[in-house]
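S.K.: Got a predicted structure here, sequence first:
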Amino acid sequence: MQEITDIQKVSLSFENYKPAYCPLVLSKVSAGFPSPAEDYIESIIDLNQELVRHPATTFFVRANGDSMVNAGIQPNATLVVDRMLETKPGDIVVARIGDEMLVKELQIDDEGKVWLVPRNENYKPFEITPDLDFEVWGKVIWSINKH
């Protein structure tokens with residue numbers, strides 16, 4: 001089997017859910033020419049509410065490898081994956097092939113063949129054939145990259 005990007009599970013339990021509050025600053029950050037900073041906090045946000053839609057069916061994983069860099073998923077990114085959301089072609093998914101976990105773009109061609117497509121030109125798409133033990137585990141809804 002060709003090399004595919006593995007993911008590592010990060011344990012997350014919502015049984016002992018505690019909000020993760022952070023300040024939300026009123027001013028927006030300019031991605032172009034710098035503007036004067038404002039010291040005004042608009043409100044407090046809960047990162048769990050911002051990142052997790054369905055706590056019972058959401059898990060975090062850490063990406064390993066560079067096959068998804070053109071989808072904004074850098075090596076060691078933390079991915080927020082929701083198992084409740086229906087997946088469709090074009091979605092970035094976490095899938096299982098046998099005992100191997102991976103993150104790729106889900107595609108279905110005109111002939112009905114299922115493909116897991118990397119978002120890095122250095123890797124080739126991987127066809128899911130009927131003989132493979134394959135399962136989509138969930139849809140990636142956020143990628144948190146460290147810089």
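M.R.: Right, received. Where do you want to start?
S.K.: what's near enough to touch the closest residue to Val69 other than its chain neighbours?
M.R.: Excluding the flanking residues, the one nearest Val69 by Cβ to Cβ, 6 or more residues apart in numbering is Asn120, at 5.3 Å. Backbone N, C-alpha and C define where each C-beta goes, glycine included. With contact set as Cβ atoms under 8 Å, 6 or more residues apart in numbering, Asn120 has these partners: 66-70.
S.K.: go again using 6 Å as the cut-off
M.R.: Shown in contact with Asn120 (Cβ atoms under 6 Å, 6 or more residues apart in numbering): 66-67, 69-70.
S.K.: which residues of this structure fall in strands?
M.R.: Shown for the chain, the strands assigned by DSSP state E span residues 6-10, 21-25, 41-46, 58-64, 78-82, 92-97, 100-108, 114-117, 126-128, 134-144.
S.K.: Among those, single out whichever gets nearest to Val52.
M.R.: strand 58-64 (4.8 Å; Cβ to Cβ).
S.K.: pull the CA atoms of that closest one into PDB?
M.R.: Extracted as PDB, the C-alpha positions of strand 58-64 are listed here (Å, rounded to 0.1, in the frame of the first residue of the first chain):
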ATOM      1  CA  THR A  58     -16.600  14.900  18.000                       C
ATOM      2  CA  PHE A  59     -13.000  13.900  18.500                       C
ATOM      3  CA  PHE A  60      -9.600  15.500  18.000                       C
ATOM      4  CA  VAL A  61      -6.700  14.000  16.100                       C
ATOM      5  CA  ARG A  62      -3.200  15.200  15.200                       C
ATOM      6  CA  ALA A  63      -2.100  15.100  11.600                       C
ATOM      7  CA  ASN A  64       1.200  13.400  10.800                       C
END
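S.K.: Determine the angle, from 0 to 180 degrees, between it and strand 100-108.
M.R.: 100 degrees (axes from the mean of the first three to the mean of the last three Cα atoms, to 10 degrees).
S.K.: could you give the angle of strand 58-64 to strand 92-97?
M.R.: Per the same axes, to 10 degrees, the angle that strand 58-64 makes with strand 92-97 is 80 degrees.
S.K.: Strand 58-64 versus strand 78-82: what angle between them?
M.R.: Using the same axes, to 10 degrees: strand 58-64 against strand 78-82 is 140 degrees.
S.K.: I'm done for today, thanks for sticking with me.
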